[in-house]
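Trainee: model this:
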Amino acid sequence: MPKVTSSWICQECGYTSPAYIGKCPECKAWGTISEEITSKKSDKLNLGIATNNSFHALSDLDLSEVKRIKSYDSELDDILGGGFVLGSLILLAGEPGIGKSTILLQIANGLSNTMKVAYVTAEESTYQVKLRAQRLNVKDDKQNLLLLAENNLEVIFSLIEQEKPDFLILDSIQAIYDPSLESSNGSVGQVKECANKILRLCKDKHITTVIVGHVNKEGLIAGPKVLEHIVDTVLYFEGEKFHNFRIIRATKNRFGCTDETAFFEMKDNGLESIANPSSLFISRNLVTVPGSTFTTIVDGSKTIIAEVQALVGGSGYSTPRRTSNGLDFNRVLQIIAILERRAGYNFSKQDIFVNLVGGLASSEPALDLSIAMSIISCVQDVPPSKKTAYIGEIGLTGEIRQVTKIESRIKECIKLGFERIIVPKETDIQKFKKSNSELIYINNIAEAISKHQQSNTGV
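Mentor: Numbering: from 1, shown residues only. I've put the predicted structure just below:
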């Protein structure tokens, strides 16, 4: 019988200590050091991994051999760089109830028409998955969608060897355990060892695998950071529980770029992709009212038209309130200070509430001008001219500065029919002369306020 040994391991970063300490010296977290049994009962699982590998000349490699598997949705395929790469390992992470199991079951349903898909649930029973499948109208006419409720990694591998699936889903990595380790499920050692063995399985057997990962209270993937290094692709599933839209964002992709995002809407029959996400976050008829302006947000390769609203009213307290939803609070305070110093306004006795409509969240500097003009519009009780978009960063001296991807922002505004687009002076507006939209460039915040007043007095 092997000697039982233990180590004190940080559950956040995986730092190993010979004894208990209150604060992890690596990640500076308190109370995350816990004792784990590190003795192994057996050696590595024998997966038949080939050992007769050799070097290959770069010119001899044929990229046509890199096969991709199309999912049920083109938006999801775009995030992955064109679909799932055969034999790749993908980590899908998100908060509880965000829809991870829903979208994975939809993926399994779509792929089961052409291949054998194994869905392993380590947290639910097969009947629970069946109930979800009925709600999503998953039929499995070809009987290619196999369900398994198991969290023992050796048993899972044994059954995979029997069934030989083409696509594997494991939900979740924190619930699966390796019996060769005596530490508990979800511990740093278990997550790292299980992930390594799953990686060897999918690379050796050419099984495309998706594993589900939980997130901690800080919004990071639970478990050791090495988990993200092991996998080929990391997808974050984001969204607000009070809104129906969801965002999948690629933060790592060895087979594509990491600036892709996909937007989905949660409905009764599952998640549906949204090709034009701007429609979610702006008013349908674009009617302008005091305190409401439109701007652009660049999220990955997508440009979204967003609505910024501001409400300014008298304060009943000695210290006025400042509230922001979906926007950087400190940046909102900075814009208020600029308006007081550079535009002559006084907000010392007024509460100011600023909101990014639709549950969006962004800290882009390109929203500065829209935030400022929403506040000014509410103070003056004068709406902006119809279908006007504001794009620009405001410097501390009140100047309007250039922002990234200005051309894609302007093109999105033109596509959605905005009549006036306020942009920084450095913008090359010659490229958009033939459009029906009027591009107006400004130097500073005072000019922006002047243009706003002129447009509503007919000057």
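Trainee: and the strands in the stretch 301-450 of the chain?
Mentor: In the stretch 301-450 of the chain, strands defined by DSSP state E, counting those that start in this stretch lie at 302-314, 322-325, 350-356, 388-390, 393-394, 400-401, 420-424, 438-442, listed in chain order.
Trainee: check contacts around the closest residue to residue 395 other than its chain neighbours.
Mentor: Setting aside the residues directly before and after it, residue 395 is nearest to residue 401 in space (CB to CB, 6 or more residues apart in numbering), at 5.4 Å. For every residue, glycine as well, the C-beta is placed using N, CA and C. Residue 401 sits next to 365, 392-395, 424 when contact means CB atoms under 8 Å, 6 or more residues apart in numbering.
Trainee: so which of those wins on neighbours?
Mentor: Within the contacts of residue 401, residue 392 tops the neighbour count with 30 neighbours, counted by other CB atoms under 10 Å.
Trainee: domains in the protein, as residue ranges please.
Mentor: Listed by automatic domain parsing, the domain ranges of the chain are 1-37, 67-273, 280-455.
Trainee: adding distance to residue 54 and mean pLDDT, write those out as CSV.
Mentor: Converted to CSV, the domains of the chain look like this (distance: least, CB to CB, whole Å; pLDDT from 0 to 100):
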stretch, distance to residue 54, mean pLDDT
domain 1-37, 33, 77
domain 67-273, 16, 87
domain 280-455, 38, 88
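Trainee: can I get those in JSON lines with distance to residue 57?
Mentor: JSON lines is the format used below for these (distance: least, CB to CB, whole Å):
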{"stretch": "domain 1-37", "distance to residue 57": "37"}
{"stretch": "domain 67-273", "distance to residue 57": "21"}
{"stretch": "domain 280-455", "distance to residue 57": "34"}
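Trainee: ok, which of these comes nearest residue 58?
Mentor: Closest of those to residue 58 is domain 67-273, at 16.8 Å (criterion: CB to CB).
Trainee: residue 333: which of the strands of the stretch 301-450 of the chain is closest?
Mentor: Smallest distance to residue 333 across those (CB to CB): 6.1 Å, for strand 322-325.
Trainee: so what does the closest one touch, helix or strand wise?
Mentor: For strand 322-325, the packing partners by 3 or more CB pairs under 8 Å, 6 or more residues apart in numbering; DSSP states H and E come out as helix 329-342, strand 350-356.
Trainee: report how many residues lie close to residue 334.
Mentor: Close neighbours of residue 334, defined as other CB under 10 Å, add up to 15.
Trainee: so what's it up against?
Mentor: residue 396.
Trainee: quick check: it vs residue 364, distance?
Mentor: 14 Å (CB to CB, to the nearest Å).
Trainee: do residue 303 as well
Mentor: In this view, residue 303 and residue 364 are 11 Å apart by CB to CB.
Trainee: shared neighbours of those two, anything?
Mentor: Counting by CB under 8 Å, 6+ apart, the contacts common to residue 303 and residue 364 are residue 297.
Trainee: quick check: buried residues in the top helix by length along the chain?
Mentor: Taking DSSP state H as the criterion, the chain has its longest helix at helix 188-205. Residues 188-195, 197-203, 205 are the ones in helix 188-205 that count as buried (16 or more other CB atoms under 10 Å).
Trainee: who are the packing partners of it?
Mentor: So helix 188-205, by 3+ CB pairs under 8 Å, 6+ apart, packs with strand 6-10, strand 89-94, helix 153-163, strand 208-213, helix 226-230.
Trainee: swap in 7 Å and give it another go.
Mentor: The contact analysis (3 or more CB pairs under 7 Å, 6 or more residues apart in numbering; DSSP states H and E) places helix 188-205 against strand 89-94, helix 153-163, strand 208-213, helix 226-230.
Trainee: between helix 188-205 and the second one, find me the angle.
Mentor: Following axes from the mean of the first three to the mean of the last three CA atoms, to 10 degrees, one obtains 10 degrees for the angle between helix 153-163 and helix 188-205.
Trainee: give me the next element, helix or strand, following helix 153-163.
Mentor: Using DSSP states H and E, the helix or strand that follows helix 153-163 in sequence is strand 167-171.
Trainee: who does that next one pair with, and is each partner parallel or antiparallel?
Mentor: Sheet partners assigned to strand 167-171 using DSSP bridges are listed as strand 117-121 (parallel), strand 208-213 (parallel).
Trainee: other residues contacting that strand?
Mentor: For strand 167-171, the external contacting residues (CB atoms under 7 Å, 6 or more residues apart in numbering) are 101, 104, 108, 111, 115, 117-123, 160, 176, 198, 207-212.
Trainee: quick one, which of those residues are buried?
Mentor: 101, 104, 108, 111, 117-122, 160, 176, 198, 207-212.
Trainee: just list whatever residues bridge to the residue nearest to residue 395.
Mentor: Here residue 401, judged by DSSP bridges, has bridge partners residue 393.
Trainee: repeat for residue 305
Mentor: Beta bridges link residue 305 to residue 296, judged by DSSP bridges.
Trainee: isn't it right up against residue 411?
Mentor: No - using CB atoms under 7 Å, residue 305 makes no contact with residue 411, being 11.3 Å away.
Trainee: of the two, who's got more company?
Mentor: Neighbour comparison, residue 305 and residue 411: the larger count goes to residue 305, with 23 against 16 (by other CB under 10 Å).
Trainee: re the thing from before, please convert the strands of the stretch 301-450 of the chain to TSV, extending it with distance to residue 246.
Mentor: Compiled in TSV, these are given as follows (distance: least, CB to CB, whole Å):
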stretch	distance to residue 246
strand 302-314	14
strand 322-325	19
strand 350-356	17
strand 388-390	26
strand 393-394	29
strand 400-401	33
strand 420-424	30
strand 438-442	34
